[in-house]
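From the sequence below, what's the structure:
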Amino acid sequence: MSIAYLNGTYLPLEEARISPLDRGFLFGDGIYEVIPYYNRKPVGFAPHMQRMINGLAALEIKCNKSIDEWRELLDALIAKNDGDNFGVYVHVSRGADTKRFHAYPENVEPTVFAFAFGIKDPEPVDRATVHPYTVSSTQDLRWKRCNIKSTALLGNVMHFQQGYASGNNEILLYNDKNELTEGSSCNAFIVKDGVVITPIEDNQILPGITRRIIIDSLKADGSIPVEERTVTMDEVRNADEIWITSSSKEIAPVVKLDGNPVGNGEVGPVWEAAFRIYTDRKFDF
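Got it, this is the predicted structure:
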């Protein structure tokens, strides 16, 4: 039985209830995070929660928990659930008003919800046995504030479904300048001539925590050059390697794009070297 947290109470997940007038339900008016825990130890806890705090501030949702208070709440949640590896979903909406009205209401308490779900062990740092991904691509039709991790994910869901329906694991998105933005549920990297390259952080992409851990780990190690810059789709289609990254995927190697092989169609050596560096350092953040 999964134990959840809702507005100050730990309770069985199937007993958690919110008002139908909750603005998260009516408008997607909220912020969320998903934090991986391996052997009950979180990856990137502080940056995940700082991103949530930043998102709440951008939406003017008043939830005054500090990072330490979030840690106490979620550690207690983990302690009440069985297992070793978890994804922890944390969700704060603006709360429930007495009516449906677009403007932000005053004097409502935010709804705070969290639950833990089991996740598999990390993929092996071995390009011969890792699970490879295939992806498609399409123009990015989402809103222009993708840097906010909003619960209003319909645009992402529609893009993901487009890729999924075509038999792929993900879909890469590009803007009207034919520049890579990200995936529908992940960030994206390419590798060319041994250099790891990823789009810059702006309003077109989510500032991914796994993305940042990868970049900072590679820069600290120094053995693999990494660049943050504009990436064209021509570069993506001619890349030696493509990776998609998220808290749940970590660093997933892509071997096909739009039905065509990426590089030689096999998981690349830079992925293996970078994933080893990331794996050695991921709990430091």
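
Got phi/psi on residue 33?
Backbone torsions of residue 33, given as degrees, to the nearest 10, read phi -140, psi 160.

In contact with it: list those residues for me.
48, 49, 51, 52, 89, 90, 149 (CB atoms under 8 Å, 6 or more residues apart in numbering). C-betas here are computed from N, CA, C, even on glycine.

Now the buried members of those.
By neighbour count, with 16 or more other CB atoms under 10 Å, the contacts of residue 33 hold 48, 49, 51, 52, 90, 149 as buried.

ok, the last one touching residue 55?
Yes. Counting by CB atoms under 8 Å, residue 55 is a contact partner of residue 149 at 5.2 Å.

intersection of neighbour lists for those two?
With CB under 8 Å, 6+ apart, residue 149 and residue 55 have common neighbours residue 31.

Closest to the centroid, which residue in this protein?
residue 246 (4.4 Å; CA atoms, centre = their mean).

Report the beta-bridge partners for it.
residue 250 (DSSP bridges).

which residues touch it?
Contacts of residue 246 (CB under 8 Å, 6+ apart): 185, 186, 187, 208, 210.

nearest to residue 37, of these?
residue 210 (14.0 Å; CB to CB).

And for the closest one, the neighbour number?
25 (other CB atoms under 10 Å).

I'd assumed residue 44 was in contact with it.
Yes. Applying CB under 8 Å, one finds residue 210 in contact with residue 44, separated by 7.2 Å.

okay, and the common contacts of these two?
residue 247.

Filter the contacts of residue 33 down to just the ones in helices.
Among these, the ones falling in helices (DSSP state H) are 48, 49, 51, 52.

I'd like to know which of those residues is nearest to residue 169.
For the ones in helices among the contacts of residue 33, the nearest to residue 169 is residue 48 (23.3 Å; CB to CB).

hang on, the earlier thing: of the contacts of residue 33, which pair is most distant in space?
The most distant members of the contacts of residue 33, if one measures by CB to CB, are 51 and 89, lying 14.2 Å apart.

got a markdown table for the buried ones among the contacts of residue 33, with distance to residue 160 too?
Shown next, in a markdown table, are those (distance: CB to CB, whole Å):
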| residue | distance to residue 160 |
| --- | --- |
| 48 | 21 |
| 49 | 25 |
| 51 | 21 |
| 52 | 22 |
| 90 | 21 |
| 149 | 16 |
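
Format those as JSON lines; extra columns: pLDDT and distance to residue 112.
As requested, those are arranged in JSON lines below (pLDDT from 0 to 100; distance: CB to CB, whole Å):
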{"residue": "48", "pLDDT": "98", "distance to residue 112": "15"}
{"residue": "49", "pLDDT": "98", "distance to residue 112": "13"}
{"residue": "51", "pLDDT": "98", "distance to residue 112": "16"}
{"residue": "52", "pLDDT": "98", "distance to residue 112": "11"}
{"residue": "90", "pLDDT": "98", "distance to residue 112": "8"}
{"residue": "149", "pLDDT": "98", "distance to residue 112": "15"}
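
low pLDDT regions in the stretch 101-250 of the chain?
Along the stretch 101-250 of the chain, the model assigns pLDDT under 70 to no residue.

What residues of stretch 236-245 count as buried?
236, 239, 240, 241, 242, 243, 244, 245.

and these, which of them are in strands?
241, 242, 243, 244, 245 (DSSP state E).

Thanks a lot, catch you later.
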